[in-house]
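**Student:** got a predicted structure here, sequence first:
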Amino acid sequence: MNPRGDQTFERCMKCTICNDYCPMLAVNPLFPGPKSAGPDGERYRLKDGRFFDNNLKYCLNCKRCELACPSGVHIADLVQLARLEKAPTYPSLRNAMLGSTDLVGRLATTFAPLANGALKSEFVQDALDHSLGVDAHRTFPDYAEQTFVRWYKKEAADRQKSYPQQVSYFHGCYVNYNFPELGRDLVRVLNAVGVGVRLLERERCCGVALLANGMKKSALRHASANLKSIRASLAEDRPVLLTGSTCTLTLRDEYPNVLGVDNSDVKEGITLATRWLYEAVDAGRIKLVFRPDFARRIAYHAPCHLEKLGWTLYSTELLKMIPGVDFVMLDSACCGMAGTFGFKKEYYHYAQEVGEKLFKSIREAKPDIVATDCETCKWQIEMSTGFEVAHPISLLADALDLPATKEANEKGSTASS
């Protein structure tokens, strides 16, 4: 259930294409590059663990090397596995805080105004920089005063079971603690097309932040809890939808490839919300009715992990369906944030250098708004360019005539019955 088990590194042809596509190698000569860090290094590490290169810490896990590899080598996974094996038993306080998104999110939302004000204070930023190594230049996303789950239970839960078709929503930490608006937008859109939205029996952080910070045992516990809830949802014929591209990749690919957890029985039931919507529209199962007054110039950034999934098409095609959209497809580029990587003082400048190509293309496009499916890409782009960033689902919710969409789908449902 992992790259070492199936020996994918033996497929490496030493063509070095992966090095050409690596955004970190282009800005950091200390990083050995995907070929040396991945398949070449793995051959040495299997013989003797002392061959581990500490400069593997610079890998962004963006998966662009895997996307480029003509032989299907799990390059980034090999690097991630090697780093996890060398991770200390107890992470540093900083890494523990960055990895424990559920715990920190619960605490921060409880005291949201105080937490948000403190994180914007120069005094606190300098203190975090000097004491924990969280770069003072990095801005933090705001925490919501009301989590998505609290809003859902109060405002939306009761009516969801009345819809004949239902899905489950894996909202993730970002939607729950930082940006409940995205979750509310998904509920609005799906309800308008006649679909009820349920929450999973129990949801934990997908585990990507834990893995990035060397906390494999905690990630395994989260994976076990999430898969149990996902199996229960699919047993009741409710596919599991997500709005976060990295959460989606983690649940589908990182669980088996990095954690060695078998999800083969549920993998195809886990999908991105934009994919589910596009396929439903394309098949004629649902109809979308748009507002005639919606007009935006939208520049779309494809997150690295969405490109790895091969699902960029679904988000871009949904946006192109909106009549009033002037659509700009930005060149493929990594934003450099890489989850918690860009928060760390020793990596901050690399994150910014990696992202500069993307930032420049956004400034040149001069959009009204930038669209992307990744929350950390949103943070990085907004901080580094000043442009507003929105998820395709939120843009869709804004562009739709929701009452007319609801009426059209109710008529379609009546006609088909």
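**Tutor:** Received the coordinates, thanks. Owing to the predicted nature of the structure, the values given are computational and were not obtained by experimental measurement.

**Student:** contact partners for Cys206?
**Tutor:** By C-beta atoms under 8 Å, 6 or more residues apart in numbering, the contact list for Cys206 reads 170, 172, 222, 226, 244, 246-247, 250-251. All C-beta spots, glycine's among them, are computed from the backbone N, C-alpha and C.

**Student:** go again using 10 Å as the cut-off
**Tutor:** Cys206 sits next to 101, 170, 172-173, 219, 222-223, 226, 242, 244, 246-251, 254-255 when contact means C-beta atoms under 10 Å, 6 or more residues apart in numbering.

**Student:** would you mind measuring from it to Cys173?
**Tutor:** As for Cys206, its distance to Cys173 is 8 Å (criterion: C-beta to C-beta, to the nearest Å).

**Student:** shared neighbours of the two, anything?
**Tutor:** Each of 101, 244, 247 lies in contact with both Cys206 and Cys173 under the rule C-beta under 10 Å, 6+ apart.

**Student:** show me what contacts the first one?
**Tutor:** What it means is Thr101. 172-174, 176-178, 204-210, 339-340.

**Student:** could you list which of the residues you listed belong to strands?
**Tutor:** Among the contacts of Thr101, DSSP state E puts none in strands.

**Student:** what's the PyMOL line that selects buried ones from these?
**Tutor:** A single PyMOL command is used to select the members of these judged buried by 16 or more other C-beta atoms under 10 Å:
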select buried, resi 172+173+174+176+177+178+204+205+206+207+208+209+210+339+340
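
**Student:** between the contacts of Thr101, which sits nearest Lys47?
**Tutor:** Leu210 (29.0 Å; C-beta to C-beta).

**Student:** the closest one: what's it in contact with?
**Tutor:** Counting by C-beta under 10 Å, 6+ apart, Leu210 touches 91, 95-96, 98-102, 204, 216-223, 250, 259, 340.

**Student:** okay, now the domains of the protein?
**Tutor:** According to automatic domain parsing, the chain comprises the domains 8-86, 296-399.

**Student:** Thr110: which of these is closest?
**Tutor:** Of those, nearest to Thr110 by C-beta to C-beta is domain 296-399, at 20.7 Å.

**Student:** what about the most centrally placed residue in the chain, distance to Glu388?
**Tutor:** Nearest to the mean C-alpha position of the chain, by C-alpha atoms, centre = their mean, lies Thr246 at 2.7 Å. Separation of Thr246 from Glu388 (C-beta to C-beta) stands at 21 Å.

**Student:** again with Leu358
**Tutor:** In terms of C-beta to C-beta, Leu358 sits 15 Å off from Glu388.

**Student:** between the two, which has more neighbouring residues?
**Tutor:** Ranked by neighbour count (other C-beta atoms under 10 Å), Leu358 and Glu388 place Leu358 first, with 24 against 12.

**Student:** please name the nearest non-neighbouring residue to the more buried one.
**Tutor:** Spatially, and ignoring its direct neighbours in sequence, Leu358 is nearest to Ala333 (4.1 Å; C-beta to C-beta, 6 or more residues apart in numbering).

**Student:** buried set for the helix or strand where Val104 lies?
**Tutor:** Here Val104 sits within helix 101-110, counting by DSSP states H and E. Using 16+ other C-beta under 10 Å as the test for burial, helix 101-110 gives 101-102, 104-105, 108-109.

**Student:** also stretch 323-343?
**Tutor:** Quick answer for stretch 323-343 (16+ other C-beta under 10 Å): 325, 327-328, 330, 333-343.

**Student:** what's the closest of those to Arg275?
**Tutor:** Phe327 (18.2 Å).

**Student:** the closest one pairs with what?
**Tutor:** The partner list for Phe327 in beta bridges (DSSP bridges) reads Ile298.

**Student:** contacts only, for it.
**Tutor:** Counted by C-beta under 10 Å, 6+ apart, Phe327 has contacts 296-300, 316-317, 319-320, 367, 371.

**Student:** how about the strands in the stretch 201-350 of the chain?
**Tutor:** Along the stretch 201-350 of the chain, counting by DSSP state E, counting those that start in this stretch, strands occupy 240-242, 270-272, 296-300, 325-329.

**Student:** these two touch, right, Asp331 and Phe359?
**Tutor:** No. The criterion here is C-beta atoms under 10 Å, and Asp331 misses it with Phe359 at 11.9 Å.

**Student:** isn't Ala219 right up against Ala209?
**Tutor:** Yes. With contact defined as C-beta under 10 Å, Ala219 counts as touching Ala209 (8.8 Å).

**Student:** could you measure from Gly133 over to Cys334?
**Tutor:** Gly133 is 22 Å from Cys334, by C-beta to C-beta.

**Student:** pLDDT-wise, which helix or strand of this protein ranks last?
**Tutor:** helix 402-416 (a mean of 84; mean pLDDT, DSSP states H and E).
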